[in-house]
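*Asks:* coords below, sequence missing:
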DNA sequence: TTGTTTAATTGTACCGGTACAATTATACTT
DNA sequence: AAGTATAATTGTACCGGTACAATTAAACAA
């Protein structure tokens, strides 16, 4: 692991351990430099990472402070790798409905940047938080990149598997959000009524080299899905 | 304006002018260094800014490439300053319903980190894109920070005013998303029916020094609001 | 042709430095 | 006490450098 990542983790851990709150001040840069025995730019890089994550904010001439939202029960939309990290002590489970290999339809192929004759894995599952329905997910993985999946892998975290076993790293993703009503079938999946409100999120996940490898459509149960986004500055 | 910001703008402009598409390669770092006559770290900083904005992605050993989503009609959730920038050629207008000074209730005070006896501006408006209802907004500004507002300012962009006239700069914001049904009153505001689906977004905007200055509640018209989020890497 | 090794390309990590602007604390007025 | 100039604190912009890992291209072998 890179130095600046490691340091970022340690600082975040320190904040949690000390139970620092919104506005609390962290040690100054120079102290951190000697504390971790690295150069200024490495510390700066670690802090920048934490700033992007929404953990701290920095104020020139003043110091480095803890930033923290204080609404429990909201999931971060950006725990790109599943929701694991932002769930706290809540338990995430999945019902796997389908894992199969097939040829994508035109829309899926388009979103994955492949041809309709290239194969994809189709995964369908319903996800629960503490036993309550969170969402229904239908996702497609490019088989050339993810050559093998099974129900065990899919029941756990697909992203963990892809990263550790296959050694591919996720680069960036485009998410499309939309509010709509549920169809009859969708309502059945979520234990709701037809025409009930829902949040639909389509996401295209790309590898670091820019190639799409996963296109997923998620419909959220409106009552059990609340999201928080911590945005930074005018430039985001 | 800072060098690296300026350069970031120029590169983005270059991409637009040349109509570069997803995956197209930009000049290599070294060439950019000489092109803009700055050091490597300044170029790096500019590129990092563009990467965060979702304009490019960088691949070590390979080059710098254009990243671009291609779905028209989706607004970026992160044009923190109103939606101006992501609207393209569509026209944003507002009906101002209320601009008044009052004492906040407990909830508003809590979110703004002030007391119930401190004054706030209350602004209520309905916003339209190309004449169609986009959302209903109710927002509260800390009067100590934004000492004056009127209907003209509010009809235009409040954020532009706050930044240019008052010289305060927006630092970061926490957004809370939730899907729900509309109440009768809300439905009236948006020209919809009671119980129709909606996306509610509460946002707390902070200055660079971490102080909240604006708390807003927006309810979106489900048919006219589609959002895109361009997320970066595992660390977001 | 197809795979394999080697070399060139290219962005990133990390170092260490100077200058400076924003904030905060201090000393000094009035 | 209350404002005002002054100095100390502190993060950020920007420079220039070395080392290296990931990618790609070139050379080579089967």
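*Replies:* That came through fine. Keep in mind the model is a prediction, meaning the values are calculated, not measured.
*Asks:* Mean pLDDT per helix and strand in chain A: which one sits at the bottom?
*Replies:* Each helix and strand of chain A was given a mean pLDDT (mean pLDDT, DSSP states H and E); the minimum falls on helix A:158-164 at a mean of 85.
*Asks:* Following the chain onward from it, which element is next?
*Replies:* Once helix A:158-164 ends, the next helix or strand along the chain (criterion: DSSP states H and E) is strand A:170-181.
*Asks:* Which secondary structure elements does the least confident helix or strand of chain A sit against?
*Replies:* Contacts of helix A:158-164 with other secondary structure elements, assessed using 3 or more Cβ pairs under 8 Å, 6 or more residues apart in numbering or on different chains; DSSP states H and E, are made with strand A:170-181. The way it works is simple: take the backbone N, C-alpha and C, and place the C-beta from them, glycine included.
*Asks:* what angle separates the strand it packs on from strand B:170-181?
*Replies:* In this structure, strand A:170-181 runs at an angle of 40 degrees to strand B:170-181, with axes from the mean of the first three to the mean of the last three Cα atoms, to 10 degrees as the basis.
*Asks:* Which positions in strand A:170-181 come out as buried?
*Replies:* When burial is assessed from 16 or more other Cβ atoms under 10 Å in any protein chain shown, strand A:170-181 yields the following buried residues: A:170, A:171, A:172, A:173, A:174, A:175, A:176, A:177, A:178, A:179, A:180.
*Asks:* at contact distance from DNA strand D, anything in the least confident helix or strand of chain A?
*Replies:* No: if you take Cβ under 7 Å from any atom of the strand as the test, helix A:158-164 misses DNA strand D, and the best it gets is 13.4 Å.
*Asks:* Give me the buried positions along that helix.
*Replies:* Buried, per 16+ other Cβ under 10 Å, within helix A:158-164: A:158, A:159, A:161, A:162.
*Asks:* would JSON lines of those with distance to DNA strand C be doable?
*Replies:* Listed next are those as JSON lines, based on distance: Cβ to the nearest atom of the strand, whole Å:
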{"residue": "A:158", "distance to DNA strand C": "25"}
{"residue": "A:159", "distance to DNA strand C": "20"}
{"residue": "A:161", "distance to DNA strand C": "24"}
{"residue": "A:162", "distance to DNA strand C": "21"}
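*Asks:* between those residues, which is nearest residue A:122?
*Replies:* When the buried residues of helix A:158-164 are compared for distance to residue A:122 (Cβ to Cβ), residue A:158 comes out closest, at 12.5 Å.
*Asks:* distance of residue A:110 from DNA strand C?
*Replies:* When distances are taken as Cβ to the nearest atom of the strand, to the nearest Å, residue A:110 and DNA strand C turn out to be 28 Å apart.
*Asks:* Pairing partners for residue A:25 in the sheet, please.
*Replies:* residue A:65 (DSSP bridges).
*Asks:* what about it, how many residues close to it?
*Replies:* 12 (other Cβ atoms under 10 Å in any protein chain shown).
*Asks:* swap in residue A:7?
*Replies:* When neighbours are defined as other Cβ under 10 Å, residue A:7 has 22 of them.
*Asks:* Helix, strand, or coil at it?
*Replies:* In the three-state summary, residue A:7 is assigned as helix, counting by DSSP: H, G, I helix; E, B strand; the rest coil.
*Asks:* Just give the nearest non-adjacent residue to it, would you?
*Replies:* Counting by Cβ to Cβ, 6 or more residues apart in numbering or on different chains, residue A:7 lies nearest to residue A:46, which is 4.1 Å off, once chain neighbours are set aside.
*Asks:* Backbone dihedrals for the one you found, both of them.
*Replies:* Comment: the main-chain dihedrals of residue A:46 come out as phi -60, psi -40, following degrees, to the nearest 10.
*Asks:* coming back round to it: make a markdown table out of the buried residues of strand A:170-181 and add pLDDT and distance to residue B:215.
*Replies:* Converted to a markdown table, the buried residues of strand A:170-181 look like this (pLDDT from 0 to 100; distance: Cβ to Cβ, whole Å):
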| residue | pLDDT | distance to residue B:215 |
| --- | --- | --- |
| A:170 | 90 | 34 |
| A:171 | 93 | 35 |
| A:172 | 95 | 31 |
| A:173 | 94 | 29 |
| A:174 | 95 | 29 |
| A:175 | 95 | 25 |
| A:176 | 96 | 27 |
| A:177 | 96 | 22 |
| A:178 | 95 | 25 |
| A:179 | 96 | 22 |
| A:180 | 96 | 28 |
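*Asks:* Out of these, which comes closest to residue A:65?
*Replies:* Within the buried residues of strand A:170-181, proximity to residue A:65 (Cβ to Cβ) peaks at residue A:172, which comes in at 28.4 Å.
*Asks:* which helices and strands sit right next to the host helix or strand of residue A:188?
*Replies:* Per DSSP H and E, residue A:188 falls inside helix A:184-190. Using 3+ Cβ pairs under 8 Å, 6+ apart as the contact criterion, the neighbours of helix A:184-190 among helices and strands are strand A:132-142, strand A:212-221.
*Asks:* Turn those strands into CSV, including mean pLDDT and distance to chain B.
*Replies:* As requested, those are arranged in CSV below (pLDDT from 0 to 100; distance: least, Cβ to the nearest Cβ, whole Å):
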stretch, mean pLDDT, distance to chain B
strand A:132-142, 96, 11
strand A:212-221, 96, 7
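*Asks:* Out of those, the one nearest DNA strand C is which?
*Replies:* Shortest distance between DNA strand C and these, using Cβ to the nearest atom of the strand, is found for strand A:212-221: 19.4 Å.
*Asks:* out of the buried residues of strand A:170-181, who's nearest DNA strand C?
*Replies:* Nearest to DNA strand C among the buried residues of strand A:170-181, counting by Cβ to the nearest atom of the strand, is residue A:171 at 10.4 Å.
*Asks:* correct me, but that closest one touches residue B:56?
*Replies:* No: Residue A:171 lies out of contact with residue B:56 (Cβ atoms under 8 Å); the separation is 11.7 Å.
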